[in-house]
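> Would you be able to build a 3D model of this:
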Amino acid sequence: MSYQDRTLTCRDCSQPFTFTAGEQEFYAAKGLQNEPGRCPDCRAARRGTRGTGAPSGGSSRQMFDVVCSNCGQTAQVPFQPSSGRPVYCSDCFSKVPGRAGYR
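The predicted structure is shown next:
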């Protein structure tokens, strides 16, 4: 299929932006059926403020300091620990039976 550059209007800033033929081809290859509703700048700003915790997200997650229930070392976890439940550092967590990282 032949794609041609199209001009779309951003739903956030109302500025026109170009949905290039290459981007359209990429969207089709990934099976994406909806065209982008935001310009590249607004998409980047939105990714940066979502707080997904992803490395490229630009925002940081709240982390909590804990003491590992197995080895006693300090660690940080992305959740507020509940009292009475064990909390592990990443090394010990990967060794807990029944967990995805069990070796």
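> could you show me where the helices are in the protein, in order?
For the chain, the helices defined by DSSP state H cover 21-29, 40-49, 90-93.
> With mean neighbour count as added columns, please give the ones you listed in CSV.
Bear in mind the C-beta positions are built from the backbone N, C-alpha and C, glycine included. Listed next are those as CSV, based on neighbours: other C-beta atoms under 10 Å:
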stretch, mean neighbour count
helix 21-29, 13
helix 40-49, 13
helix 90-93, 15
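> neighbours around residue 39, how many?
By the other C-beta atoms under 10 Å criterion, the neighbourhood of residue 39 contains 21 residues.
> one step back: quick one: which of the helices of the chain is nearest residue 72?
Ranking the helices of the chain by their distance to residue 72 (criterion: C-beta to C-beta) puts helix 90-93 first, at 9.8 Å.
> how much space is there between residue 65 and residue 81?
To residue 81, residue 65 is 10 Å away according to C-beta to C-beta, to the nearest Å.
> out of the two, which sits in the more crowded spot?
The residue with more neighbours, out of residue 65 and residue 81 and counting by other C-beta under 10 Å, is residue 81; that gives 14 against 9.
> Need the pLDDT of that one.
Residue 81 is assigned a predicted lDDT (pLDDT) of 87.
> list the contacts for it?
For residue 81, the residues meeting the contact criterion (C-beta atoms under 8 Å, 6 or more residues apart in numbering) are 64, 66, 87.
> Equivalent analysis for residue 86, please.
Contacts for residue 86 (C-beta under 8 Å, 6+ apart) come out as 69, 70.
> at 6 Å instead, please
Contacts for residue 86 were tallied using C-beta atoms under 6 Å, 6 or more residues apart in numbering; they are residue 69.
> Who are the contact partners of residue 70?
The neighbours of residue 70, taking C-beta under 6 Å, 6+ apart as the test, are 88, 92.
> ok, it to residue 89 distance?
When distance is defined by C-beta to C-beta, residue 70 is 8 Å away from residue 89.
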